[in-house]
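Engineer: I'll drop the sequence and a predicted model, then ask my questions.
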Amino acid sequence: MAKYQLFMLTLAIIVSLPLNAPAVEPSEILQNPQLEVRARNLSQNIRCLVCQNQSIDDSNASLAKDLRKIVREQLISGASDNDIYDFLIARYGDFVLLRPPVKATTYILWYGPLFIFFAGLLLSVLFLIRRKRIMPEEPLSLEEKEELSILISREKEG
Amino acid sequence: MIAELGHYALVLALLIALVQTTVPLYGAARNDFSLMGVAQPAATAQFIAIAIAFGALTHAYVTSDFSVINVAENSHSLKPLLYKISGVWGNHEGSMILWVLILALFGFAVAQFGVHLPPTLKARVLSVQASIGVAFLGFILLTSNPFLRLDPAPIDGRDLNPLLQDPGLAFHPPMLYLGYVGFSMAFSFAVAALIEGRVDPAWARWVRPWTLAAWVALTAGITLGSWWAYYELGWGGWWYWDPVENASFMPWLSGTALLHSAIVVEKRDALKSWTILLAILTFALSLMGTFLVRSGVLTSVHAFAVDPERGLYILAILVLFVGGALIMFALRAPSMKLGGLFQPISREGGLIMNNLLLSVATATVFIGTLYPLFLDATTGQKVSVGPPFFNATFVPVMIPLVLLMAIGPMLAWKRGDLSAAMSRLWFAVALSFAIGIFVFWLHSDEPLAPVIGFALAGWLAGGTLKEFADRIGLFRDQLSKSLSKARRLPRSAYGMTMAHLGLSIFICGAVADSAWRTEVVINAKEKDKTSVAGFEAQLENVDRLEGPNYHLERATVIIRKNGEYVTRVFPERRFYPVQQMPTTEAAIHTTLLADIYVSLGEGSKGQGWTLRLWYNPLIPWIWAGCLIMVVGGLISLSDRRLRIGAPFKQAHKKVQENGLLEDA
């Protein structure tokens, strides 16, 4: 049921809100430029939970707006970036992070490509070794050598 | 009446495709030429029938025949003609018609131009191609028929999603589909080769141009989509690692790998099994892109229809074709003859590394896109995978690939000399350092990432230019001799040089934009000023106007630098009453070195408007780089040796077989 409600909520938001209006509004921007830069960086890593794959920096859903406000309020009260992430994770779970944490459930996600690389490398090496065993290199025949020298001399002239 | 004609033509196409799938295949097995001969006229007839269906649907759109449900739901009488036409494929049903039209077009092309193909191979290729047609024509007729009627017909239609009413997007889907479906040729050839049980260089000479053509179209299609997202969405970004973008990027990555491994099959008769596997996987990724976008598993602008039944049907097609092809591969591949020998350090070896890294890159995007769905389905846990993840995992795979791109082309076929290649790379090292130091000097107070990115681009450009210069003997021979060598160089060599340079330019654009983009968001009333990256922008005024099928507010923004007038730009905010949807039309002032990007937000005269300004350094280089890659691909495609059926000169072939002439 909760899933269904979330879906309907998502649908309602997608339908009611223009997809293409950018997010951060002038009134939200902090006076302190350093804090604002941190706020923007944080916002880009935090998911707008009711949107399709948008960060709260990109989304103008009301939830995204609230989260942007929370991030900025916490920054002003002196919280570190990690404090803010921890606060959001405690509230919404890992789902809120656009860069998922490395843990047992995400090992495949983070290390899968690396595994494929080494497996592929191993297979390539085995392939080359096996080939060499099956097909030993034959020396050039007399005919081929002759043709070769003709070609080389022609290449030098040209 | 015309819609019924289209419907009838579609049913006819399905029946023809059924004949084309079965009869030539049987004929090829029996070595019966009259049965194999059915393939050619059938392919032509199938193409004509689908073209008639496509024409009928286009007619319904152009004449605004709202008694057709599809037209009523996706068009409007006031819509400009261009978008009436592009509206044909701006919806699920119509886009599937375009899909099968292009599929049949490729089959038609093989039927027409494949005179030099061995008859059994040609019959089998056309038969496999037609079987894909059967699946998708069945899909259209059973679940997505665009010719259904509506009674009574509404007075007007519901209009096309305003975001899609855009010239960039009018041509984005056809290009993308040419790419996706183009890989069906590689697939059909791969399956036909598996049935035949043999792959020879003639096979590769056929597969390569088709793959290249598909790659060119896909590159152009993705570029158009990205460009559209850049100027239409009003966010100033150009790539979001959105699942739908990824769905088109995966076949591009594996298609790029296929393009390179097909060279090895053609020139050296090696890596045959792998190339066949790659052809199957590339088309599988194209089908998966269609599945992901059409099934509603991923929701976005592209998902016209959230319909599980359709999703299941496409999933069934995917499983049937890819599963079938892979089983066939497992049965047949081990008995394939091994091809030409080579040392690990050689052009072939370099291309194996290219394929390995591109496969890993594809896997990275694949896992990142699908793992959240997988985790949710198996454990119910939710995880988000966004741009920060892809930036952290995809970029590290690209760095060694780009490093290798400068070295690989300098290695000889069969047995390369790494130290000789390295000593030729001094120019790449020099250029890399020069650019890196220059960038560091410009931005010494910032993180080192852009310095590394630019150094990498310099390395690639340096290596590519040096390879080209060496090939024509520039600075070594007399200039006249170099020029005559340059004239005799095969076009595919020019194509490679351009495509690799294009990537280098693209890297500059992508790195600069991600590192140094600046953004300003203000609330501005008329005559208010602000500044971004040394430019001063003044909101002159905002006018209310009427468009053909929308209302709009148009702002006039004057850009000045050091008090001097630079330009005037006109960002718009449109409202489409039929769909009750606003869109933004950003105004972009492009120079060679940067874009000034202005987007108008909500507001009023009393309150002022939200104005967003970006300074996007080198972002035009992104499109320029992609365009150069596309042109490089086209030049390579025009190479005489790739021209379909062009017979090889005997002497030339012998030289190549011995691996002496370094000519690609």
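Structural biologist: Cool, got the structure. Numbering: from 1, shown residues only, chains lettered A, B, ... in the order given.
Engineer: Next one, pLDDT for residue 40 please.
Structural biologist: The chain I'm using is chain A. pLDDT for A:R40: 89.
Engineer: hm, I was asking about chain B
Structural biologist: pLDDT, read off for B:Q40, is 94.
Engineer: What about the closest residue to chain B within chain A, how many residues nearby?
Structural biologist: Nearest residue of chain A to chain B (Cβ to the nearest Cβ) works out as A:L98 at 2.9 Å. Placement of C-beta: from N, CA and C, glycine included. Counted with other Cβ atoms under 10 Å in any protein chain shown, residues neighbouring A:L98 total 23.
Engineer: and it, what does it touch?
Structural biologist: Each residue near A:L98 by Cβ atoms under 8 Å, 6 or more residues apart in numbering or on different chains is listed here: A:Q44, A:N45, A:I46, A:R47, A:S55, B:S384, B:V385, B:G386, B:P387, B:P388, B:F389.
Engineer: Compute the number of surrounding residues for the second one.
Structural biologist: Counted with other Cβ under 10 Å, residues neighbouring A:N45 total 21.
Engineer: residues in the stretch 251-400 of chain B within reach of chain A, list them.
Structural biologist: Counting by Cβ under 8 Å from any Cβ of the partner chain, the stretch 251-400 of chain B comes close to chain A at B:298-301, B:338, B:341, B:344, B:349, B:352-353, B:356-357, B:359-360, B:363-364, B:367-368, B:371, B:375, B:379, B:381-389, B:392-393, B:397.
Engineer: Please check these and keep the buried ones.
Structural biologist: For those, a burial check counting by 16 or more other Cβ atoms under 10 Å in any protein chain shown picks out B:298-301, B:341, B:344, B:349, B:352-353, B:356-357, B:359-360, B:363-364, B:367-368, B:371, B:375, B:382-389, B:393, B:397.
Engineer: From these, which land in strands?
Structural biologist: Nothing among these maps onto strands, per DSSP state E.
Engineer: Tell me which of the residues you listed fall in helices.
Structural biologist: B:349, B:352-353, B:356-357, B:359-360, B:363-364, B:367-368, B:371, B:375, B:387-389, B:393, B:397 (DSSP state H).
Engineer: how close does the residue nearest to the residue of chain A closest to chain B when sequence neighbours are not counted sit to A:R72?
Structural biologist: Spatial nearest neighbour of A:L98, chain neighbours left out: B:G386 (2.9 Å); criterion: Cβ to Cβ, 6 or more residues apart in numbering or on different chains. Look at B:G386 and A:R72: by Cβ to Cβ, to the nearest Å, they are 20 Å apart.
Engineer: which other helices and strands contact the helix or strand hosting B:H260?
Structural biologist: Assigned by DSSP states H and E, B:H260 falls within helix B:243-268. Counting contacts by 3 or more Cβ pairs under 8 Å, 6 or more residues apart in numbering or on different chains; DSSP states H and E, helix B:243-268 is packed against helix B:167-196, helix B:201-232, helix B:272-295, helix B:347-379.
Engineer: Compute the inter-axis angle for it and helix B:272-295.
Structural biologist: 160 degrees (axes from the mean of the first three to the mean of the last three Cα atoms, to 10 degrees).
Engineer: Would you map the helices across the stretch 51-200 of chain B?
Structural biologist: Counting by DSSP state H, counting those that start in this stretch, the segments of the stretch 51-200 of chain B that form helices are B:69-74, B:81-86, B:92-113, B:119-143, B:167-196.
Engineer: phi, psi of the closest residue to chain A within chain B?
Structural biologist: Going by Cβ to the nearest Cβ, chain A is nearest to B:G386 of chain B, at 2.9 Å. Reported as degrees, to the nearest 10, the phi and psi values for B:G386 are phi -120, psi -170.
Engineer: Kindly report the same for B:T584.
Structural biologist: Dihedral angles (degrees, to the nearest 10) for B:T584: phi -110, psi 140.
Engineer: again, but for B:Y565
Structural biologist: According to degrees, to the nearest 10, B:Y565 has phi -60, psi 130.
Engineer: roughly how far apart are the residue nearest to A:L98 and A:S55?
Structural biologist: Taking Cβ to Cβ, one finds B:G386 at 6 Å from A:S55.
Engineer: any shared contact partners between these two?
Structural biologist: Shared contacts of B:G386 and A:S55, counting by Cβ under 8 Å, 6+ apart, come down to A:N45, A:R47, A:L98.
Engineer: Contacts only, for the closest residue in space to the second one that isn't next to it in sequence.
Structural biologist: The shortest distance from A:R47 to any residue that is not its chain neighbour, by Cβ to Cβ, 6+ apart, is 4.6 Å, and that residue is B:S384. Applying Cβ under 8 Å, 6+ apart, one finds that B:S384 lies in contact with A:R47, A:N53, A:D94, A:F95, A:V96, A:L97, A:L98, A:P100, B:P372.
Engineer: Tabulate the helices and strands packed on helix B:243-268 (CSV), appending distance to B:I635 and mean pLDDT.
Structural biologist: Formatted as CSV, the helices and strands packed on helix B:243-268 follow (distance: least, Cβ to Cβ, whole Å; pLDDT from 0 to 100):
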stretch, distance to B:I635, mean pLDDT
helix B:167-196, 18, 90
helix B:201-232, 10, 90
helix B:272-295, 22, 88
helix B:347-379, 20, 92
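Engineer: Redo those as CSV? Include distance to B:E73.
Structural biologist: Output for the helices and strands packed on helix B:243-268, formatted as CSV (distance: least, Cβ to Cβ, whole Å):
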stretch, distance to B:E73
helix B:167-196, 17
helix B:201-232, 22
helix B:272-295, 16
helix B:347-379, 28
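Engineer: so which of the ones you listed gets nearest B:N161?
Structural biologist: Closest approach to B:N161 among the helices and strands packed on helix B:243-268 (Cβ to Cβ): helix B:167-196, 9.7 Å.
Engineer: Which neighbouring elements make contact with the closest one?
Structural biologist: helix B:81-86, helix B:92-113, helix B:119-143, helix B:201-232, helix B:243-268, helix B:272-295, helix B:308-332.
Engineer: any idea how far that helix is from the chain center?
Structural biologist: 10 Å (Cα atoms, centre = their mean, to the nearest Å).
Engineer: What of stretch B:425-444?
Structural biologist: 31 Å.
Engineer: can you tell me which residues contact the residue lying closest to A:S27 once chain neighbours are set aside?
Structural biologist: Distance criterion Cβ to Cβ, 6+ apart; nearest residue to A:S27, sequence neighbours excluded, is B:N523 at 7.3 Å. Applying Cβ under 8 Å, 6+ apart to B:N523 gives the contacts A:P26, A:S27, B:G603, B:Q607, B:G608, B:W609, B:T610, B:L611.
Engineer: A:L88 versus the first one, what's the distance?
Structural biologist: Using Cβ to Cβ, we find A:P26 at a distance of 24 Å from A:L88.
Engineer: cool, and the fifth one?
Structural biologist: Separation of B:G608 from A:L88 (Cβ to Cβ): 32 Å.
Engineer: When those two are compared, which one has more neighbours?
Structural biologist: A:L88 (24 against 17).
Engineer: residues touching the more buried one, list them.
Structural biologist: Neighbours of A:L88 in contact, by Cβ under 8 Å, 6+ apart: A:I46, A:L67, A:V96, A:L97.
Engineer: burial of the second one, as a residue count?
Structural biologist: Other residues near A:L67 come to 25 when the count uses other Cβ under 10 Å.
Engineer: May I see the buried residues of the host helix or strand of it?
Structural biologist: Element membership for A:L67 (DSSP H and E) is helix A:62-76. For helix A:62-76, the neighbour count (16+ other Cβ under 10 Å) marks A:A64, A:K65, A:L67, A:R68, A:I70, A:V71, A:R72, A:Q74, A:L75 as buried.
Engineer: Thanks a lot, catch you later.
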